[in-house]
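Q: please find the sequence and the predicted model below.
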Amino acid sequence: MKPRTQLLRILIPAAFVSLCLCSANCRMTQTSETQNVNTSRASSSADVDALSIHRRAIAIDMHADTTQRLVDENLDLSNRLADGHLDAVRMKEGGLDAQFFSIWVEPQLYGTGGASATRRADVQIEAVRALAEKHPDTWEMALSAADIRRISAEGKLAALMGLEGGYAIDEKLENVERYYKLGVRYMSGAWSVSTSWAGSSGDEAGRTLGLSDFGKQVIREMNRLGMMIDVSHLSDKAFWDIVNTSTKPVIATHSNARAIADVPRNLDDEMIRALAAKGGVVCVLFYPAFVEPGWDEKKKQVDTEISSLVQQASDREPGDVAHKKMARDRVRIVEYAKRLPPVTVARVVDHIDHIVKLVGIDHVGVGSDFDGIQAVPSDLSSVADLPNLTKELLKRGYTEQDIDKILGGNILRVMEEVEKK
Ligand SMILES: [Zn+2]
């Protein structure tokens, strides 16, 4: 919990700055600022309640891919960015206190192991650490639940790291501890391409691959170190092997419910029950393909329609493989918005509702996947819109205490449990 004085410290200067801007500045600024506030931020009294809950509660997002932007676009996250989904300014607007930055090694570009995968992870870790080094008044690295509580109480933003896909450990057990020491606090065994030791939900190998003996050693090592185990992206078989191997709670940092959107990336009810029984948390993500039934099928159709547009953008881009990927994604963002049906926060909350009805309020959290997705719900277009999630929860009768747990309390509990030696 944060003291109310802190809330006033944030709100009073913000109100003063807005007043100055509106009275002294040109009409264009006034109009665009006002529209922005009215369309994507709090305006009615219900909105204000949602925002004040965000200001008071500790809100943690378990997964964003902004890290690759830090490296490939050399962005300064302390400024409001014109595109993308996350920066320090919008985090403060949305009352988001802590962000887990995904350290993502794309296997198609950097391999499923070896020096290239390790280097790609290491450069991202350096970029996240540089946030706090360059802007110590805004950011601080957090390594524990206690760190998040303290940093949040000081009115700063907590930066944390999770390794998405275990490619960077290069099939060496000692590298798990190396990444723990570098500050990584969760890891998944695979992204969309299976490793030799963990099956993915995204490829053929994952249909039969769970955890190998080495994979089980990795899980035990993570338990020993106090690193959280993430099952998002893994094959069903790997999921069950992990749940049966780990002695500590297990989390899904960005996955939804298959009962609503039936895709392999989501979890079925039996999996959600098993995760909850171990004390874990399912953090819902905002990507429409995993939120809205049928959207993923429609997206595949659109991908076929736009394939030459995407290829042309990639060919025109003179930069390296990462920049070519960014060029392809820019086309997808525009075309998906034009060609696919809009999705709203209400459908995201349907997933939360489903999980809560299944296993109770203590096993759900938030893992946006912001900056890693080429489409977002219309009313969750960046971290600044997070109070819209809370507004929808309030509308459905969730109490403030419930909402505190969903926004961050449940994850803090798991972190504390996993940190115990
Ligand atoms: Zn992911």
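A: That came through fine. Residues are numbered from 1 along each chain as shown.
Q: where exactly do the strands run in the stretch 101-250 of the chain?
A: Residue ranges of the strands in the stretch 101-250 of the chain, as given by DSSP state E, counting those that start in this stretch, are 139-141, 157-164, 184-188, 228-230, 250-252.
Q: which strands or helices does the helix or strand where D329 lies pack on?
A: Here D329 sits within helix 321-339, counting by DSSP states H and E. Helices and strands touching helix 321-339, by 3 or more C-beta pairs under 8 Å, 6 or more residues apart in numbering; DSSP states H and E, are helix 66-72, helix 107-110, helix 295-305, helix 307-316. In this view, the C-beta of every residue, glycine as well, is placed from N, C-alpha and C.
Q: next SSE after that helix?
A: Of the helices and strands lying after helix 321-339 in sequence (DSSP H and E), the nearest is helix 345-359.
Q: so who does I373 touch?
A: Contacts of I373 were listed using C-beta atoms under 8 Å, 6 or more residues apart in numbering, and they are L285, F286, Y287.
Q: now list the buried members of these.
A: The neighbour-count criterion (16 or more other C-beta atoms under 10 Å) marks L285, F286, Y287 among the contacts of I373 as buried.
Q: residues in contact with the last one?
A: If I follow you right, that is Y287. When contacts are counted by C-beta under 8 Å, 6+ apart, Y287 is found next to D369, I373, A375, V376.
Q: so where's the chain uncertain?
A: Screening the chain residue by residue with the criterion pLDDT under 70, one finds the ranges 1-48.
Q: which parts of it belong to which domain?
A: Split into domains by automatic domain parsing, the chain comes to 1-40, 58-292+341-419.
Q: tell me the spacing between A384 and S200.
A: Distance, A384 to S200, by C-beta to C-beta, to the nearest Å: 32 Å.
Q: again with V356
A: Look at V356 and S200: by C-beta to C-beta, they are 28 Å apart.
Q: so between these two, which is more surrounded?
A: For V356 against S200, the residue with the higher neighbour count under other C-beta atoms under 10 Å is S200, and the figures read 26 against 20.
Q: am I right that the more buried one is in contact with D236?
A: No. Contact criterion C-beta atoms under 8 Å: S200 and D236 do not qualify, at 10.7 Å.
Q: for the residue most central in space within the chain, phi and psi?
A: Central residue of the chain (C-alpha atoms, centre = their mean): H63, 2.0 Å from the mean position. The phi and psi torsions at H63 (degrees, to the nearest 10) take the values phi -160, psi 120.
Q: which residues touch it?
A: By C-beta under 8 Å, 6+ apart, H63 lies in contact with 100, 102, 162, 164, 232, 253-254, 283, 285, 367-369, 372.
Q: which of those residues lies closest to E221?
A: For E221, the nearest member of the contacts of H63 is G162. The distance, counting by C-beta to C-beta, is 16.0 Å.
Q: and the closest one, how far is that from I251?
A: 10 Å.
Q: common neighbours of these two, please.
A: By the contact definition C-beta under 8 Å, 6+ apart, G162 and I251 are jointly contacted by M62, Y186, M228, D230.
Q: among those residues, which pair sits farthest apart?
A: Among those, M62 and M228 lie farthest apart (C-beta to C-beta), at 9.3 Å.
Q: which residues do those two both contact?
A: Contacts common to M62 and M228, judged by C-beta under 8 Å, 6+ apart, are G162, Y186, I251.
Q: just give the nearest non-adjacent residue to the first one, would you?
A: The one in question is G162. In space, G162 comes closest to Y186 once its chain neighbours are excluded; the distance is 4.0 Å by C-beta to C-beta, 6 or more residues apart in numbering.
Q: and that neighbour, what are its bridge partners?
A: As for beta bridges, Y186 partners with G162, M228 under DSSP bridges.
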